[in-house]
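S.K.: The sequence isn't on hand, but the structure is:
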């Protein structure tokens with residue numbers, strides 16, 4: 001009798017559980033893809049993916065890796081990816097101005113105490129007395145490409161010190177490895193490097209830093225974006241992504257967001273988060289820790305700074321005059337953006 005009662009209870013329990021199981025399996029996740037670079041600035045995405053937060057938001061997210069910032073928005077415009085996250089470039093703004101892109105949230109930003117990009121000089125240049133940005137006049141300075149975020153970093157720091165970049169020879173070398181080779185080989189006097197790249201160069205005794213961009217001129221370096229068509233036709237997809245992304249950004253900020261005199265003060269979840277990034281980037285934890293940018297914990301943009309970037313590139317002829325940031329920034333997915341022009 002006892003065995004029969006247990007069997008009936010088990011069967012009843014199974015029947016009660018069955019609709020719940022069917023409901024869970026029938027609920028399909030929204031499939032989406034995001035184009036990105038395997039950099040620490042994409043950290044919130046790697047964190048949210050590993051922690052399962054995109055799935056909890058109802059999203060089955062696929063990450064598509066690219067090698068340069070210029071490729072990421074092209075993937076979104078072409079429909080190869082639903083979303084993208086990378087640094088702003090002149091090319092990005094031109095695509096956005098033509099109606100191909102909509103900015104929806106913040107990625108990384110240059111901020112004091114966060115060593116993300118650095119202007120460095122070679123040992124020969126240092127020995128010749130190049131000790132500050134003011135001393136770069138007449139020198140050869142390497143960047144990745146004209147119109148890139150690296151190029152913009154050089155421009156805004158030079159302007160701060162009254163240096164006209166027309167008096168520099170800006171050498172566009174297309175890739176970080178090419179820049180490293182030219183720097184070590186003495187083909188250039190200086191370069192603008194991502195901090196993790198420079199730390200490797202510095203450890204080999206090949207150069208010295210003269211300015212950390214975030215300490216000199218804070219600016220909104222990158223963003224999360226999608227296409228206007230995706231927003232119009234698949235808005236819930238974007239909303240689900242933002243829900244997961246913001247959880248990742250909050251966890252990133254909790255682990256890496258505190259600084260004391262420019263030094264990282266590890267947060268309570270530091271070990272777990274640095275482990276996630278180390279695996280995603282295939283880099284040792286110490287190297288990852290040396291180049292963790294500022295990322296707003298809620299995905300809020302410095303909107304006014306984007307307007308400033310567009311105006312700068314327009315003044316150089318790199319971005320079309322009809323580019324209007326108001327037309328390609330969608331403030332509806334995240335609340336509380338900063339510095340929003342009226």
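M.R.: On my side now, so go ahead. Keep in mind the model is a prediction, meaning the values are calculated, not measured.

S.K.: Check whether residue 32 sits in a helix, strand or coil.
M.R.: strand (DSSP: H, G, I helix; E, B strand; the rest coil).

S.K.: What of residue 283?
M.R.: coil.

S.K.: show me what contacts it?
M.R.: The neighbours of residue 283, taking Cβ atoms under 8 Å, 6 or more residues apart in numbering as the test, are residue 196. All C-beta spots, glycine's among them, are computed from the backbone N, C-alpha and C.

S.K.: From residue 199, how far off is it?
M.R.: Residue 283 sits 11 Å away from residue 199, taking Cβ to Cβ, to the nearest Å as the criterion.

S.K.: Tell me how far residue 256 lies from residue 215.
M.R.: Distance, residue 256 to residue 215, using Cβ to Cβ: 17 Å.

S.K.: And for residue 33?
M.R.: Taking Cβ to Cβ, one finds residue 33 at 36 Å from residue 215.

S.K.: Now do the contacts for the residue nearest the centre of the chain.
M.R.: Closest to where the C-alpha atoms of the chain average out (Cα atoms, centre = their mean) is residue 41, at 3.7 Å. By Cβ under 8 Å, 6+ apart, the contact set of residue 41 is 85, 87, 107-108, 116, 221-222, 293, 295.

S.K.: Of these - the most surrounded one?
M.R.: residue 107 (30 neighbours; other Cβ atoms under 10 Å).

S.K.: residues touching the nearest residue to it once chain neighbours are set aside, list them.
M.R.: Excluding the flanking residues, the one nearest residue 107 by Cβ to Cβ, 6 or more residues apart in numbering is residue 222, at 3.4 Å. Going by Cβ under 8 Å, 6+ apart, residue 222 touches 41, 85-88, 106-109, 149.

S.K.: Swap in 7 Å and give it another go.
M.R.: Residues near residue 222 by Cβ atoms under 7 Å, 6 or more residues apart in numbering: 41, 85-88, 107-108.

S.K.: try residue 250
M.R.: Residue 250 makes contact with residue 297, according to Cβ under 7 Å, 6+ apart.

S.K.: to the chain's geometric centre, what's the distance from the helix ranked longest in the chain?
M.R.: Looking across the chain with DSSP state H, the single longest helix is helix 228-256. Put simply, helix 228-256 sits 14 Å off its chain's centre (Cα atoms, centre = their mean, to the nearest Å).

S.K.: Identify the residues contacting the helix or strand following that helix?
M.R.: Per DSSP states H and E, the first helix or strand lying C-terminal to helix 228-256 is strand 259-260. With contact meaning Cβ under 7 Å, 6+ apart, strand 259-260 is reached by 113-114, 265.

S.K.: For the residues you listed, which single residue is the most surrounded?
M.R.: When neighbours are counted by other Cβ under 10 Å, residue 114 leads the contacts of strand 259-260 with 25 neighbours.
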